[in-house]
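Participant: Let's see this in three dimensions:
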Amino acid sequence: MANIVCSHVDKAYGAVNVIKDFNLEIDDHEFVVFLGPSGCGKSTLLRMIAGLEEISGGTVSIAGRTVNDLEPRDRGVAMVFQNYALYPHMTIHDNIAFGLKRMKVDKAEIESRIKTVAGTLGLEPYLSRKPTELSGGQQQRVAIARAMIKTPRVFLFDEPLSNLDAKLRNHMRVEIARLHQSLKTTTIYVTHDQLEAMTLADRIVLMKGGAIEQVGTPAEIYERPRTLFVAGFIGTPNMNFLDVTARADAGTWLLDGDDVRFRVSRERFEITEGQALTLGVRPSALSPSADARGGENTLAGVTDLVEFHGDSALISFRVGGKEIGALVPAGSRPTRDAPVSFSVSGENLHAFDRTTGLSVLRRNA
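Facilitator: Next comes the predicted model:
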């Protein structure tokens, strides 16, 4: 077992508290991604779990054992960093073997493990080369091999793909996913890239300002964001937001804003009369409409930007002073300055209290 439990964990640098009462349980063999903007504390938290940063308060346990005071080498973890940190004067073979040599592992055992990890990561042809003779993706695989050879109970990845180009990032993301499936270790992966988080994670821990905003599967966080921050952070292109005020009408709620009106079911949202809300709707949830006047549950305007994405196009237009984005098939994209109109199903609307930022979606909706 290699479950991880963070209980009331704090981290302070002097008077600055960067991690605040962090509580999380990670199951054995689970792949958890710490996601959030720069400065939210995700890498600091990872380094505390690894033993590279002191814990100011609370406890971290791995496999049922509190590790606050243990050296990194005694925690049963292996960490892969953003920069590859390879020894330039050593061959790839010696870089991978270095940690085991320091641990005085038998030479035959070292060679056996190198053969296994090199085969898993496709590094056999490069073992006699130096790091400078490899591409960025190959160097990152060497860094993963160096961690993997220690047969850790826990893998920690600190933004390992940030230095790679887009094509290599996609390739390495697939390799890391396959590696996790084959090794079945407990894995924590830090990133600010939501695509990495959505495609790799069993669960995402979305952080803001040193605290957890939401924990859930990728589908849960995308489909049921708990706060306005989560809704705005998750999803590409970004969710559209409109300010409205609620009033009851004929057994439904009417949500009125500048040049917009939406009618929604009372069963979907927990709303009160006169409540100030922020509505959210994803660009992919907008459907072309014949209602050019912009009636109920309709957004209409004039296209001011068209971004070609290949199979689709993102068009932008303004409603009530707010810029709205809509995804349409590339073959039916409008031209700039063309009038457009889109309908929005109430089932695709998200709503957040404008004061607290919390979702007002009912739990069973």
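
Participant: The worst-scoring helix or strand of the chain on mean pLDDT packs against which elements?
Facilitator: Least confident helix or strand, the chain: helix 166-183 with a mean of 84, by mean pLDDT, DSSP states H and E. Judged by 3 or more Cβ pairs under 8 Å, 6 or more residues apart in numbering; DSSP states H and E, helix 166-183 is in contact with helix 107-121, helix 136-148, strand 154-158, helix 194-200. Bear in mind the C-beta positions are built from the backbone N, C-alpha and C, glycine included.

Participant: Just the CA atoms of it, as PDB, please.
Facilitator: Only the C-alpha atoms of helix 166-183 are listed here, as PDB (Å, rounded to 0.1, in the frame of the first residue of the first chain):
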ATOM      1  CA  ALA A 166       3.700  20.800 -28.200                       C
ATOM      2  CA  LYS A 167       4.200  17.600 -30.300                       C
ATOM      3  CA  LEU A 168       6.700  16.200 -27.700                       C
ATOM      4  CA  ARG A 169       4.400  17.100 -24.800                       C
ATOM      5  CA  ASN A 170       1.500  15.100 -26.400                       C
ATOM      6  CA  HIS A 171       3.800  12.100 -27.000                       C
ATOM      7  CA  MET A 172       5.300  12.200 -23.500                       C
ATOM      8  CA  ARG A 173       1.800  12.600 -21.900                       C
ATOM      9  CA  VAL A 174       0.800   9.300 -23.600                       C
ATOM     10  CA  GLU A 175       4.000   7.600 -22.400                       C
ATOM     11  CA  ILE A 176       3.500   8.700 -18.800                       C
ATOM     12  CA  ALA A 177      -0.100   7.500 -18.900                       C
ATOM     13  CA  ARG A 178       1.000   4.100 -20.200                       C
ATOM     14  CA  LEU A 179       3.800   4.000 -17.600                       C
ATOM     15  CA  HIS A 180       1.400   4.500 -14.800                       C
ATOM     16  CA  GLN A 181      -0.900   1.800 -16.100                       C
ATOM     17  CA  SER A 182       1.900  -0.700 -16.200                       C
ATOM     18  CA  LEU A 183       3.700   0.200 -13.000                       C
END
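
Participant: of the helices and strands packed on helix 166-183, which approaches A285 most closely?
Facilitator: helix 194-200 (17.2 Å; Cβ to Cβ).

Participant: any residues touching that closest one, and which ones?
Facilitator: With Cβ atoms under 8 Å, 6 or more residues apart in numbering as the contact definition, helix 194-200 has outside contacts at 31, 33, 35, 161, 169, 173, 176-177, 180, 189, 191, 204, 218, 222, 233-236.

Participant: In helices, which of these fall?
Facilitator: R169, R173, I176, A177, H180, P218, Y222, F233 (DSSP state H).

Participant: what's the least confident helix or strand of the chain in contact with?
Facilitator: 31, 120-121, 135-137, 140-141, 144, 148, 155, 157, 160-161, 164, 187, 189, 193, 196, 199-200.

Participant: switch to 7 Å and redo it
Facilitator: Under the criterion Cβ atoms under 7 Å, 6 or more residues apart in numbering, residues F31, G136, G137, Q140, L161, L164, T187, E196, T199, L200 lie in contact with helix 166-183.

Participant: again, but for stretch 336-343
Facilitator: With Cβ under 7 Å, 6+ apart, stretch 336-343 has contacts from 286-289, 291-292, 294, 297-304, 306, 315, 317, 326, 334.

Participant: Okay, and the beta partners of V328?
Facilitator: A313 (DSSP bridges).

Participant: and it, what does it touch?
Facilitator: Neighbours of V328 in contact, by Cβ under 7 Å, 6+ apart: P288, S312, A313, I315.

Participant: got it, and L123?
Facilitator: Counted by Cβ under 7 Å, 6+ apart, L123 has contacts I92, R141, V142, A145.

Participant: The last one: how many residues sit nearby?
Facilitator: Using other Cβ atoms under 10 Å, A145 is surrounded by 25 other residues.

Participant: nearest residue to it other than its sequence neighbours?
Facilitator: V117 (4.5 Å; Cβ to Cβ, 6 or more residues apart in numbering).
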